[in-house]
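*Asks:* Give me a model of this one.
(chains A and B)
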There are 2 protein chains.
Amino acid sequence: MKAKITVKLKDIVLDPQGNTILHSLNEMGYEKITKVRQGKVFFVELEETSKEKARALLKEIAHKVLSNPVIETYEVEIIG
Amino acid sequence: MKAKITVKLKDIVLDPQGNTILHSLNEMGYEKITKVRQGKVFFVELEETSKEKARALLKEIAHKVLSNPVIETYEVEIIG
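*Replies:* Prediction:
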């Protein structure tokens, strides 16, 4: 089974890296861009036939290993 | 308008960071996980009412600024 885990900073957390990209884009002439927030994405494959079990396992991994729940949120999608 | 740009390594390119995460997960007991590839995601907001124009602009930015097309692929999604 294939899945995608997206981890992003909570909206209340500053994202200096995203801001740097935003300012660079604006300076390069891409002035229509008004906001950039950067996150991480993990494409995962696992040996599991139950979508429910896969989702539970991936949520656990996202929470315990791949994200910092204090400042980040995560989303788990089964993609195949 | 809001969009999401996902950038990932081409399948033929090695991903040592993803492999490190995979081995860590396996050592922690998450043995069902067989593959991990890491990518980046950018949540972008832009002043544009035309979805077509927004998509064209975002593809240009993804290609020229946010990715390295030699080793990475990107995907643009309008999300709101």
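*Asks:* Could you list the contact residues of chain A toward chain B?
*Replies:* Residues of chain A that fall close to chain B, judged by CB under 8 Å from any CB of the partner chain: A:6, A:8, A:18, A:21, A:24-25, A:28, A:30, A:32-48, A:57, A:61, A:65-66. Bear in mind the C-beta positions are built from the backbone N, C-alpha and C, glycine included.
*Asks:* Now for A:Gln17: which residues touch it?
*Replies:* Residues near A:Gln17 by CB atoms under 8 Å, 6 or more residues apart in numbering or on different chains: A:Gln38.
*Asks:* Surely it is within a helix?
*Replies:* Yes. Counting by DSSP: H, G, I helix; E, B strand; the rest coil, A:Gln17 is part of a helix.
*Asks:* Please list all residues in contact with A:Ala62.
*Replies:* Contacts of A:Ala62 (CB under 8 Å, 6+ apart): A:Ile5, A:Val7, A:Tyr74, A:Val76.
*Asks:* mind checking the longest strand of chain A?
*Replies:* Longest among the strand segments of chain A by residue count, using DSSP state E, is strand A:33-46.
*Asks:* And the average pLDDT for the following helix or strand past that one is what?
*Replies:* Using DSSP states H and E, the helix or strand that directly follows strand A:33-46 along the chain is helix A:51-61. Mean pLDDT, computed over helix A:51-61, is 97.
*Asks:* so where is chain A shaky, pLDDT-wise?
*Replies:* Scanning chain A for pLDDT under 70 picks out nothing.
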